[in-house]
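Q: from the sequence below, what's the structure:
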Amino acid sequence: MDDDFDLGGRLKALRQEAGLSQRALARRAGVSNAIISMIEQNQTSPSVGLLKRILAGLPLRLADFFAASDAEREQVFFAAKELVEIARGAISYRQVGRDLTGRSLQILHEVYQPGADTGDQMLQHEAEEGGIVLRGRLEVTVGAQTRVLAPGDAYAFDSRRPHRFRNPGEEPAEVVSACTPPSF
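A: The predicted structure is shown next:
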């Protein structure tokens with residue numbers, strides 16, 4: 001994430017703005033009160049999946065959580081250093097633009113470390129998504145179909161279908177993807 005972004009402070013402010021206690025938000029999100037507390041104190045950094053689950057309890061999209069000013073929304077060109085890290089770890093998601101409020105397209109630069117996986121639980125959301133593998137290999141599962149994609153290969157599907165991504169290779173897999181409407 002952006003080094004200047006106070007994730008814990010932002011979550012706390014939005015929770016309080018919604019009139020929820022930590023316990024109430026935890027109950028809505030199906031997580032422990034301790035997790036909410038640790039995130040708000042910046043003692044732990046949640047995975048994208050966990051943060052999306054917590055934000056669903058507000059309800060708030062991940063893109064709106066990272067929302068910025070109108071001036072930043074109007075930005076047209078983005079240097080590599082200006083991409084917003086919305087998740088860091090075994091899978092890195094760097095988003096073009098900080099605030100996607102009112103936008104119908106989300107573009108991500110994704111890097112999956114060897115063995116990285118979006119999880120055993122398949123993802124599903126109201127959107128369409130597609131991407132092109134730039135380097136490495138990426139296993140994409142959509143419904144009952146699974147394919148390992150190599151550089152130059154692409155995918156596109158209705159995101160309401162259960163799906164997941166995994167790097168089965170021994171080098172990082174790099175992807176540029178798009179999702180409409182934004183799902184993070």
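
Q: in the lengthiest helix in the chain, which residues are buried?
A: Across the chain, the longest stretch assigned as helix under DSSP state H is helix 7-17. Under the neighbour-count criterion of 16 or more other C-beta atoms under 10 Å, helix 7-17 has 7-8, 11-12, 14-15 buried. Glycine gets a C-beta too; all of them are placed from N, C-alpha and C.

Q: need the residues that contact it.
A: 1, 21-22, 25, 36, 39-43, 45-46, 54, 58, 60, 65 (C-beta atoms under 8 Å, 6 or more residues apart in numbering).

Q: returning to what we had before: JSON lines for the buried residues of helix 7-17, including distance to Arg161 and pLDDT?
A: Output for the buried residues of helix 7-17, formatted as JSON lines (distance: C-beta to C-beta, whole Å; pLDDT from 0 to 100):
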{"residue": "Leu7", "distance to Arg161": "30", "pLDDT": "86"}
{"residue": "Gly8", "distance to Arg161": "34", "pLDDT": "88"}
{"residue": "Leu11", "distance to Arg161": "30", "pLDDT": "91"}
{"residue": "Lys12", "distance to Arg161": "35", "pLDDT": "90"}
{"residue": "Leu14", "distance to Arg161": "31", "pLDDT": "88"}
{"residue": "Arg15", "distance to Arg161": "32", "pLDDT": "90"}
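
Q: out of these, which is nearest to Leu138?
A: Nearest to Leu138 out of the buried residues of helix 7-17 is Leu7 (C-beta to C-beta; 27.1 Å).

Q: tell me which helix or strand comes right after the lowest-mean-pLDDT helix or strand in the chain.
A: The least trusted helix or strand in the chain, going by mean pLDDT, DSSP states H and E, turns out to be helix 70-73, with a mean of 50. Sequence order places strand 84-87 as the next helix or strand after helix 70-73, per DSSP states H and E.

Q: alright, calling it a day.
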